[in-house]
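Student: give the three-dimensional model of this entry:
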Amino acid sequence: MNRRQILASALAGAAVTTAPRPGAAAVRPSAIRAKDGAALFHRDWGEGRAVVFVASWALTSEMWAYQVAHLADAGFRCIAFDRRGHGRSDVPASGYDLDTLADDIAAVIDGLGLRKVDLVTHSMGGAEAARYLARHGSDRIRRIAMLAPAGPCLIQRPDNPYGAPRAAFESRIADWRADFPKWARDNQPPFFTPQTSQAMQEWLVAQMLSTPLPVAIATFRALIEADVRPDLSRIDRPTLILHGDRDASAPLEITGRRFAAGIRGAQLKVLAGAPHGLFVTHMDQVNGALEAFLRD
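Tutor: Now for the predicted structure:
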């Protein structure tokens, strides 16, 4: 294994702990508490400008292993946390609405004492970041990179022809209630490319299936019920949107272009042939684009 593969392997396993930086006043906190007391697990790796990663629906902080490996080597401090109910974070019975999930991002940023942080999100994480900025402002944010954002308004409404009928989403939830593992397997191929190794696919599907079904349903409902279009207009930080033109989960024309249109000055970069899992299927392009954007 080369250094990057070793680092990615480590991040995909146990929690990462690091010694304090020279001259730092204290060791980095090992636990973060949300407003309601829920413990939020996080991974903290590297030195330099802080980057906070917000995961996709039903995935954990492990999904960012290859971005963390690259950006840590490039001189960034990478912080990835597990959304409540996911991974190693607590699994409370409540708090899965978008406002609370956005407040959890604030808990991570505040709990680690971060200033001028960059946000990197995927899928549902993009909607959470938009709501965070609407609720907490952008004083602590420097830049935002959204990978294949889901939203900004997913249910079809009179003023939203881009959405899908509510019945389509309810049908999906019914499939999950009947057999969530089967749904995950059936929808595995379009998330990746034919060139994606079976081992990589299984690694991510295992993350999804580790998410408790009630949590998966509750967070999905939060996403489809949300309308973050007003939130997008309040984003006043440089924003990069990376989206694939073969995304079956969050189609470019319905989600990525709508985010780009709603955020003043947003830069949309379309990756040819990339599906929803572009962070692994097109990791070199994604990592290069992230590093270039975050270095500015």
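
Student: alpha carbons only for contacts and neighbour counts from here, please
Tutor: Noted.

Student: where does the most centrally placed residue in the chain land on pLDDT?
Tutor: Ranked by distance to the mean C-alpha position of the chain (Cα atoms, centre = their mean), the top residue is Ala55 at 2.6 Å. Note for Ala55: predicted pLDDT of 98.

Student: got the contact list for it?
Tutor: Neighbouring residues of Ala55 by Cα atoms under 8 Å, 6 or more residues apart in numbering: 61, 63-64, 80-83, 121-125.

Student: I'd like the next helix or strand past the longest helix anywhere in the chain.
Tutor: Identified as the longest helix of the chain according to DSSP state H is helix 166-186. Going down the chain from helix 166-186, the next helix or strand is helix 188-191, by DSSP states H and E.

Student: and that next one, which residues are buried?
Tutor: By 16 or more other Cα atoms under 10 Å, the buried positions in helix 188-191 come out as 188, 190-191.

Student: counting by contacts, list what the longest helix of the chain packs against.
Tutor: Contact here means 3 or more Cα pairs under 8 Å, 6 or more residues apart in numbering; DSSP states H and E; on that basis helix 166-186 packs against helix 198-210, helix 213-225.

Student: and of the ones you listed, who's closest to Asp284?
Tutor: Asp284 sits nearest to helix 198-210 of all those, at 15.1 Å, using Cα to Cα.

Student: if you count contacts, what does that closest one end up packed against?
Tutor: Counting contacts by 3+ Cα pairs under 8 Å, 6+ apart, helix 198-210 packs against helix 166-186.

Student: just the residues contacting the helix it packs on, thanks.
Tutor: Outside helix 166-186, the residues that touch it by Cα under 8 Å, 6+ apart are 155-156, 205, 208-209, 213, 217, 224.

Student: make a ChimeraX selection of the buried ones in these.
Tutor: A single ChimeraX command selects the buried members of the contacts of helix 166-186 (16+ other Cα under 10 Å):
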select :155,205,208,209,213,217,224
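
Student: need the contacts of helix 166-186 in a markdown table (columns: pLDDT and distance to Asp179).
Tutor: Putting the contacts of helix 166-186 into a markdown table (pLDDT from 0 to 100; distance: Cα to Cα, whole Å) gives the following:
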| residue | pLDDT | distance to Asp179 |
| --- | --- | --- |
| Ile155 | 96 | 24 |
| Gln156 | 95 | 26 |
| Val205 | 98 | 14 |
| Met208 | 98 | 13 |
| Leu209 | 97 | 11 |
| Leu213 | 98 | 10 |
| Ile217 | 98 | 13 |
| Ile224 | 97 | 21 |
